[in-house]
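1. Predicted model, plus sequence, below.
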Protein chains: 2
Amino acid sequence: MDKKELFYKLVSFTTSVHRVTNELTKDAKPTSISQVQYNILEFIAVSQPVTPSEINDCQNMTMSNTSRELSKLSEKKLIEKISDSKDRRKQYIHLSQDGEAVMKEAFATIETRFLNRIQNASKEDLEEINRAIDTLQEKLFYT
Amino acid sequence: MDKKELFYKLVSFTTSVHRVTNELTKDAKPTSISQVQYNILEFIAVSQPVTPSEINDCQNMTMSNTSRELSKLSEKKLIEKISDSKDRRKQYIHLSQDGEAVMKEAFATIETRFLNRIQNASKEDLEEINRAIDTLQEKLFYT
DNA sequence: CCTCTTAATTATCATTTGATAACTAAATTG
DNA sequence: CAATTTAGTTATCAAATGATAATTAAGAGG
């Protein structure tokens, strides 16, 4: 396996992933929040509780901007902050009840579209997809 | 394979893909173009020639905004437009020489980081990654 | 021809975002 | 305990983006 060839394959693969993700998540978020805010919410949903520092590492933002967006999400009652009892500089952020509801609805929309996308896949196909995701997650997209 | 379970796996997988893509492409683009412009350039690079309509379908933009961004890229001499000889409403966009150079450099940076990421992978691992990408591209992230 | 549709452009405006700097408060370190 | 580092906030400004509407020009269909 030529590594250069694999690299080009990866580029077009990630392009496809982005395109399909776009398609699945299109209009799934409520209009009251921006795309950046939705990305943050989604990250919190799958990784909660998280600290503001972890958010800006993953979302590639600066602390000040992360802080601002978190304030907005907080004003909209979608997240809650709890200070660490040991290190009081730290904060743990998690979804509020409203936030959970918003994400539940968004995920439901996305899931429907996903099911539609794989409706023709056989049992064997699904097994294969499952294993392929495991492989890539472990060997290529690890963190 | 439970489809619901597979869905949750997909969500965290795409999150990982986005995170790693961020990491690999961070600061790979010249500062003279915005993130959106870079995304468009990358799409053109891997799919050229493309029409403005195809770009806004894939990038999830409106035609007017796509048109504006393409004008900017054109002003910066990174892309060129050619009208279709049959249907003169259509345009085919491809990278200019400067555009090719910009993308070549960006891809070089990204490739170096990619090689670094897989440096400990064995020959068998690479084969497995290769097959996994093929599987997902064909059965899940098809267009 | 006339109408409708498609492809793309231009202009405008409110919002969002990115970048920077100055700041607070709580650890940590020597 | 003084100096430094870490975590996060607030304010501000320019630039990028999203949304909308009005417009041009060319095909397509009756």
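-> Yes, it's here.

2. Who are the contact partners of the residue nearest to A:T15 when sequence neighbours are not counted?
-> Once flanking residues are discounted, A:T15 sits nearest to B:V46: 5.8 Å by CB to CB, 6 or more residues apart in numbering or on different chains. Backbone N, C-alpha and C define where each C-beta goes, glycine included. Applying CB atoms under 8 Å, 6 or more residues apart in numbering or on different chains, we find B:V46 in contact with A:11-12, A:15.

3. same thing with A:N39?
-> Taking CB under 8 Å, 6+ apart as the contact definition, A:N39 lies against A:Q59.

4. Repeat that for the one 5 residues further on.
-> Under the criterion of CB under 8 Å, 6+ apart, the contact partners of A:I44 comprise A:50, A:55, A:79, A:93-95, A:99.

5. For the lengthiest helix in chain A, the averaged confidence score.
-> Using DSSP state H to define each element, chain A has its longest helix at helix A:3-25. Averaging pLDDT along helix A:3-25 gives 91.

6. So the following helix or strand past it, near DNA strand D or not?
-> On the C-terminal side of helix A:3-25, the nearest following helix or strand under DSSP states H and E is helix A:35-47. Yes - counting by CB under 7 Å from any atom of the strand, contacts between helix A:35-47 and DNA strand D involve A:Q35.

7. Same question for helix A:35-47: list its buried residues.
-> Judged by neighbour count using 16 or more other CB atoms under 10 Å in any protein chain shown, the buried positions of helix A:35-47 are A:37-45.

8. Closest one to A:I133 out of the residues you listed, please.
-> Each of those was checked against A:I133 using CB to CB; the closest is A:E42, at 17.8 Å.

9. Contact partners for the nearest residue to A:N56 once chain neighbours are set aside?
-> Distance criterion CB to CB, 6+ apart; nearest residue to A:N56, sequence neighbours excluded, is A:T66 at 4.1 Å. By CB under 8 Å, 6+ apart, the residues touching A:T66 are A:40, A:52, A:55-56, A:59.

10. how about the residues of chain A that lie near DNA strand C?
-> Selection of chain A residues close to DNA strand C by CB under 7 Å from any atom of the strand yields A:34-37, A:61-62, A:64-65, A:68-69, A:86-89.

11. can you redo those as JSON lines with distance to B:A106 and pLDDT?
-> Output for the residues of chain A next to DNA strand C, formatted as JSON lines (distance: CB to CB, whole Å; pLDDT from 0 to 100):
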{"residue": "A:S34", "distance to B:A106": "27", "pLDDT": "93"}
{"residue": "A:Q35", "distance to B:A106": "23", "pLDDT": "92"}
{"residue": "A:V36", "distance to B:A106": "23", "pLDDT": "94"}
{"residue": "A:Q37", "distance to B:A106": "28", "pLDDT": "96"}
{"residue": "A:M61", "distance to B:A106": "21", "pLDDT": "92"}
{"residue": "A:T62", "distance to B:A106": "22", "pLDDT": "94"}
{"residue": "A:S64", "distance to B:A106": "27", "pLDDT": "97"}
{"residue": "A:N65", "distance to B:A106": "24", "pLDDT": "97"}
{"residue": "A:R68", "distance to B:A106": "29", "pLDDT": "97"}
{"residue": "A:E69", "distance to B:A106": "27", "pLDDT": "97"}
{"residue": "A:K86", "distance to B:A106": "43", "pLDDT": "91"}
{"residue": "A:D87", "distance to B:A106": "39", "pLDDT": "91"}
{"residue": "A:R88", "distance to B:A106": "42", "pLDDT": "91"}
{"residue": "A:R89", "distance to B:A106": "37", "pLDDT": "91"}
